[in-house]
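> Okay, here's the prediction I keep looking at, along with the sequence it came from:
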Amino acid sequence: MKGIKNGVVFITGGENGLGAAISKKFAEEGAKVVIFGIDEINGNKVAEECSKLNEGAMFIKGNVTNNDDIKNAMNIIKDKYGKLDFAVNNAGVTGGLKPFGETANDHYDLIMNVNVKGVFLCMQNELQLMMENKFGKIVNVSSEAGTSAGFEGLSVYVGSKHAVNGLTKAAAIEYATKGININAVAPGTMSTPLVKAFPQEDQDKLAAIRPSNRLVNVDSVANTVVYLCSDYSMDMVGTIISVDGGNTIK
Ligand SMILES: NC(=O)c1ccc[n+]([C@@H]2O[C@H](COP(=O)([O-])OP(=O)(O)OC[C@H]3O[C@@H](n4cnc5c(N)ncnc54)[C@H](O)[C@@H]3O)[C@@H](O)[C@H]2O)c1
């Protein structure tokens, strides 16, 4: 896609699930892929797969809730590539299902720290490096739970993804005249290995809430992320693109 080749992309949680699909898609398009996350084994594996598609991919171990880890990653990127073109803030956790009234403080802290503070800290550091070139594209990975609350047992997750949408829009306005586009993608339940392992009956239920009557394809979400970093999205500012089979327009 126009504008992606030879760009440097930083992808949090790029070791698994959607993040791995995004990492490979960028490598296929000729970008230098930097994966950042806590899973060293899969991180190195996916970086190796990306390197076969386009040389120069790497994994950096780090936690999105730790500002020093993120700063360390930015320093490595600056030393190796001298710039950061694109960033995909994808790392996120659901924390499992819990009724609102039974949600413990540490459950709340975990989800909010990774999903909201993590996105906030990553964006701040990414923007600092991008501003050196006055160019950049940031894509935050939100969810259909960022605009809709109808997901039983996921109240804190719902709150966290609504916050991601708010941060995306507010930062997008601030940087709209500075050469930096900030947007988000909001996937519905995807056919990731985790979901494919659910009993067929549960998968069917998750599919049936969508007008499309199927789970969301991971690659279609990854392609939307790449589009938001391409030259074709120059006028996308603070947009939250739903890729959810129509669930949130019902
Ligand atoms: N799976 C779905 O159906 C679905 C639907 C809508 C939105 N999403 C969102 O998509 C994103 C990716 O989800 P996924 O299903 O691929 O999940 P996943 O669990 O397969 O991958 C999450 C990745 O984030 C990394 N990670 C977790 N905590 C981290 C931390 N503190 N610091 C750094 N890295 C960390 C993990 O190592 C992992 O690689 C998340 O933001 C999620 O909320 C997923």
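It's in.
> Next to the ligand, which bits of this structure? Give me the list.
Selection of the chain residues close to the ligand by CB under 6 Å from any ligand atom yields 12-13, 15-19, 37-39, 63-65, 90-93, 114, 141, 143, 187, 189-190, 192, 195. The way it works is simple: take the backbone N, C-alpha and C, and place the C-beta from them, glycine included.
> need the next SSE after the lengthiest strand in the chain, C-terminal direction.
The residue-count maximum for a strand in the chain (DSSP state E) belongs to strand 180-187. Next along the chain after strand 180-187, taking DSSP states H and E as the criterion, comes helix 193-196.
> mind listing the helices for this protein?
Taking DSSP state H as the criterion, the chain contains helices spanning 17-28, 40-53, 67-81, 105-112, 118-131, 155-175, 193-196, 200-208, 218-229.
> mind listing what L127 touches?
With contact taken as CB atoms under 8 Å, 6 or more residues apart in numbering, L127 is in contact with G136, I138, A171, Y175, I180.
> can you do 10 Å?
L84, A87, G136, I138, A171, E174, Y175, K178, I180, I182 (CB atoms under 10 Å, 6 or more residues apart in numbering).
> per-residue pLDDT, it?
L127 carries a pLDDT value of 99.
> Could you measure from it over to E152?
36 Å (CB to CB, to the nearest Å).
> hang on, the earlier thing: which members of the contacts of L127 are the farthest-apart pair?
Across these, no pair lies farther apart than L84 and E174, at 17.9 Å, counting by CB to CB.
> Who has more neighbours out of those two?
L84 (27 against 12; other CB atoms under 10 Å).
> residues touching that one, list them.
Per CB under 10 Å, 6+ apart, neighbours of L84: 7-10, 34, 73-74, 77-78, 125-133, 135-136, 138.
> can you check P193 too?
Neighbours of P193 in contact, by CB under 10 Å, 6+ apart: N16, G17, A20, V218.
> Could you export those to a markdown table, including columns for neighbour count and pLDDT?
Formatted as a markdown table, these follow (neighbours: other CB atoms under 10 Å; pLDDT from 0 to 100):
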| residue | neighbour count | pLDDT |
| --- | --- | --- |
| N16 | 21 | 97 |
| G17 | 18 | 97 |
| A20 | 25 | 98 |
| V218 | 22 | 98 |
